[in-house]
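[1] Sequence unavailable; structure follows:
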């Protein structure tokens, strides 16, 4: 879902004019919400989960403490670079502006981590993508395989892994000017995942944040931490 080509992402960004749903503050609050964000449903929406839109310009995301791009956090990471993503295994679900989105990730296996995303609006599929995280000779890559009449793979290299208070933030970038230029996965200590697509549109920094919470893969029920 986060893995959209330029035309589809710009269309999505322009369509999210109402802002994202906001609820109670998390143990470690993510970036402050935009001023026009509507009231949230506390049963399903994340604490302080912002979603930026082209107008008005969203507040800048916090700058995590810098860290080496692929520096292992432990001997286990050195042996298996995908072990740092083991927390992502399972199902995540969220909703913004009547768009219900979900990601499902299999555990790391055979030097590969495979996932899929599915977005539904008004009972109809609006987008679905196949995802994978894999180590290569020059680093670890997040690969977005967008489906449709013209399937396309987009590669984002892991350029930073950092702690922002209690949140762990993984930043993947493909460089260049085409939106989205970056994909960020923020792992919140309270059990939330904030997936962000970011870059420039007409020279202005834009980002769209997808707040998701871990759910039971079979029932879709939220798993409370």
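    Yep, that arrived. Since the structure is predicted, the reported quantities are computational estimates derived from the model, not experimental observations.
[2] Check which residues of stretch 172-181 are buried.
    By neighbour count on 16 or more other CB atoms under 10 Å, the buried set for stretch 172-181 is 172, 173, 174, 179, 180, 181. C-betas here are computed from N, CA, C, even on glycine.
[3] Format these as JSON lines; extra columns: secondary structure and pLDDT.
    JSON lines is the format used below for the buried residues of stretch 172-181 (DSSP: H, G, I helix; E, B strand; the rest coil; pLDDT from 0 to 100):
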{"residue": "172", "secondary structure": "strand", "pLDDT": "98"}
{"residue": "173", "secondary structure": "strand", "pLDDT": "97"}
{"residue": "174", "secondary structure": "coil", "pLDDT": "94"}
{"residue": "179", "secondary structure": "coil", "pLDDT": "90"}
{"residue": "180", "secondary structure": "coil", "pLDDT": "92"}
{"residue": "181", "secondary structure": "coil", "pLDDT": "95"}
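[4] Check those and tell me the two furthest apart.
    The most widely separated members of the buried residues of stretch 172-181, counting by CB to CB, are 172 and 179 (14.3 Å).
[5] Which stretches in this structure count as strands?
    Under the criterion DSSP state E, the chain contains strands at 90-96, 99-105, 113-121, 124-136, 139-146, 152-164, 167-173, 182-187, 192-201, 204-215.
[6] ok and the last one relative to strand 113-121, angle-wise?
    Regarding strand 204-215 and strand 113-121, their directions subtend 100 degrees when assessed with axes from the mean of the first three to the mean of the last three CA atoms, to 10 degrees.
[7] Please apply the same query to the first one.
    Between the direction of strand 90-96 and that of strand 113-121, the angle (the same axes, to 10 degrees) works out to 30 degrees.
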